[in-house]
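S.K.: Here is my input; please provide its structure:
(one chain, ligands or ions: 1)
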Amino acid sequence: MPVPAVPAEAPGALPVVGHARQLLWQRLALLEELRRHGDVVAVRIGPVRLFVVNDPALAREMLGRRASEFGTSDQYRLMAQITGNGLLLSEGAFHRRQRRLILPAFNHAKVRGYADTMSRLAESWADGLSEGRRLSADEEFAALATEIVVRCLFSQGIDRRSTAEVVDGLPHLMRWVGSRGLDPTGLLARLPTPVNRRFRASIRTLNGIVRGAVAERRSSSGGGEEDLLSVLLQTRDAETGEPMADRQIHDEVMTLLTAGTETVSRTLAWTVHLLARHPEVRRRLHGEVDEVLAGRAASFEDLPRLPYTRQVLTETLRLYPSGYLLSRAAVADTVLGGHLLPAGSTVMFSPYAVHRDPALFAEPGRFDPGRWSPERADDVTPEAYLPFGLGPHGCIGEGFAWTEMTIVLATLAARWELCPASAKAVRPVPTFSLSCGRMLMTTRRRSPLSAVVQRTTSAPIRPAAPTN
Ligand code: HEM
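M.R.: A predicted model of the protein is given here:
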């Protein structure tokens, strides 16, 4: 049997800096290019080697069955100043315990309850739009997604003013993480740049809000709605009977706030961008929401009757998965797919690159939600579709996210269309998650009735072959 060797280095490395330039400036193109060089390949930043897994079966092994052999990567540890030892960064038995404790807050019955709040907030947001308004879709969805997480998970524990502060502050935290990811030396973080200043001010504000909400709930007599905060406060360690420490509750709350907002808002922003460029998809979506909702807001009960809306979101997450690059650190020398991964090395997997592999998805560059219909099962490889990760660290909020995104998109599409307000090309920007930058759009009111007439009089639609 051959002795396992370290994966071969991908071509394109420059002397001294290695692949640093491509990783910094052409990261997405590099990740796609790497697919051609093997199931696991090495890239280099200076003398440091990083490994990229291109085979989804090996990625599933790393994230799932053999997850205990891969710990938290340095890239993820950048989040520690925000999320401390919350779910995303914690490991081993401690992580398993925390996850067990938090899971009940995301079960089916709970998400069904949250859906009422999602529906109410989506409706009030759609009501607040006016004809011909120019808006920044990424900012609008960021504000809506943050308010939804705050209201669903902490019910009334965070008042309106503080919610607005969270909405303002969170993007500064994420921007800081994004900028740190591009600077492995850590030097940039110490300079008095606007990004660093706003980060420090925002983290102080958010920490204060979350600490205040925890303290207030501890001192209140209980009662009220059962939300995530109450689950965290009531929980007891099965062995010691100890409650969760306030510091840990704080870290879990910050984790949920950061993991549960930008991911959703960016997916929604990409969706309206793609819809604006694909009239045949838009028409079909409008047909579905008009028939099911006739202009009203979507509810949890409507979800099974909105299959195409779900396919549109599924396809957006294939092309633009917010978690476009997942990473781990090998705990010890490990063999994966016959390759040796030395202890401590960073091992990455890109859902973005794999979702665009022509061997796994037919015409992968095309936005084609219908590929997710049961009749076209041959056009997709479900095992290679990993926008929510997998295994012990897989997204705990997946059910929450699908419910939220479907309700928001259907409620919006039932009344409004968002049209591009700028001819500027929109390109994905790989920060910590996959950003779409500032996405300026103009609102156009829809009339569900005219949409129904249009649908019944137009010829059957077969998507052309647009690019994204
Ligand atoms: C479109 C929406 C979302 C996407 C694409 C997404 C994606 C992901 C991915 C890929 C991971 C795994 C990271 C890894 O294994 O390295 C993850 C973990 C996580 N997500 Fe999500 N997520 C979304 C929405 C949400 C929401 C709405 C919440 C909560 C309200 C949430 C909370 C979390 C948490 C707490 C973790 C860490 C779980 C753990 O480590 O045990 N996510 N998410």
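
S.K.: State whether residue 43 is indeed within a strand.
M.R.: Yes. Residue 43 forms part of a strand when assessed by DSSP: H, G, I helix; E, B strand; the rest coil.

S.K.: What distance do you get for the nearest residue to it once chain neighbours are set aside to residue 45?
M.R.: Excluding the flanking residues, the one nearest residue 43 by CB to CB, 6 or more residues apart in numbering is residue 19, at 4.2 Å. Every C-beta, even on glycine, is put in place using the N, C-alpha and C of the backbone. Distance from residue 19 to residue 45, counting by CB to CB, to the nearest Å: 7 Å.

S.K.: Neighbour count: those two, which is higher?
M.R.: When residue 19 and residue 45 are compared on other CB atoms under 10 Å, the one with more neighbours turns out to be residue 19, at 24 against 17.

S.K.: where's that one relative to residue 31, distance?
M.R.: Using CB to CB, residue 19 is found at 11 Å from residue 31.

S.K.: What sits closest to the residue of the stretch 251-400 of the chain found nearest the ligand if chain neighbours are left out?
M.R.: For the stretch 251-400 of the chain, the residue closest to the ligand is residue 397, as judged by CB to the nearest ligand atom, at 2.2 Å. Spatially, and ignoring its direct neighbours in sequence, residue 397 is nearest to residue 260 (5.1 Å; CB to CB, 6+ apart).

S.K.: ok, how many other residues are close to the one you found?
M.R.: Residue 260: 23 neighbours (other CB under 10 Å).

S.K.: now swap in residue 144 and tell me
M.R.: Residue 144 - counted by other CB under 10 Å - has 24 other residues nearby.

S.K.: Helix, strand or coil: sort out it for me.
M.R.: The local conformation at residue 144, judged by three-state DSSP, is helix.

S.K.: could you measure the spatially closest residue to it that is not a sequence neighbour against residue 299, distance?
M.R.: Excluding the flanking residues, the one nearest residue 144 by CB to CB, 6+ apart is residue 125, at 5.2 Å. With distances taken as CB to CB, residue 125 is found 15 Å from residue 299.

S.K.: which residues are in contact with stretch 254-262?
M.R.: Outside stretch 254-262, the residues within contact range by CB atoms under 8 Å, 6 or more residues apart in numbering are 79, 82-84, 86-89, 142, 145-146, 149-150, 153, 166, 170-171, 173-174, 206-207, 210, 228, 322, 395, 397, 400-401, 433.

S.K.: Report the buried members of those.
M.R.: With burial judged by 16 or more other CB atoms under 10 Å, the buried subset of those is 79, 82-84, 86-89, 142, 145-146, 149-150, 153, 166, 170-171, 173-174, 206, 210, 228, 322, 395, 397, 400-401, 433.

S.K.: Need the pLDDT of the most centrally placed residue in the chain.
M.R.: With distances taken as CA atoms, centre = their mean, residue 263 lies nearest the centre of the chain, 2.7 Å away. Residue 263 is assigned a pLDDT of 96 by the prediction.

S.K.: so which strand or helix has the closest residue to it other than its chain neighbours?
M.R.: Nearest non-adjacent residue to residue 263, counting by CB to CB, 6+ apart: residue 322, 4.2 Å away. Assigned by DSSP states H and E, residue 322 falls within no helix or strand.

S.K.: thinking residue 322 is in contact with residue 433, fair?
M.R.: Yes. Residue 322 is within contact range of residue 433, at 4.2 Å (criterion: CB atoms under 8 Å).

S.K.: any residues in contact with both of those two?
M.R.: 262, 263, 266.

S.K.: Look up how far residue 209 lies from the second one.
M.R.: In other words, residue 263. From residue 263 to residue 209 the distance is 21 Å (CB to CB).

S.K.: Poorly predicted segments of the chain, please.
M.R.: 1, 156-157, 181-188, 221-225, 448-468 (pLDDT under 70).

S.K.: which bits of it sit near the ligand?
M.R.: 63, 87-88, 99, 149, 255-256, 259-260, 263-264, 267, 321-323, 326, 387-389, 393-397, 400-401 (CB under 6 Å from any ligand atom).

S.K.: where do the strands sit along the stretch 251-400 of the chain?
M.R.: Assigned by DSSP state E, counting those that start in this stretch, the strands in the stretch 251-400 of the chain fall at 326-330, 334-336, 339-341, 346-349.

S.K.: now the ones you listed in CSV, with mean neighbour count?
M.R.: Below are the strands of the stretch 251-400 of the chain laid out as CSV (neighbours: other CB atoms under 10 Å):
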stretch, mean neighbour count
strand 326-330, 21
strand 334-336, 18
strand 339-341, 22
strand 346-349, 24
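
S.K.: can you redo these as JSON lines with distance to residue 196?
M.R.: Output for the strands of the stretch 251-400 of the chain, formatted as JSON lines (distance: least, CB to CB, whole Å):
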{"stretch": "strand 326-330", "distance to residue 196": "23"}
{"stretch": "strand 334-336", "distance to residue 196": "36"}
{"stretch": "strand 339-341", "distance to residue 196": "34"}
{"stretch": "strand 346-349", "distance to residue 196": "24"}
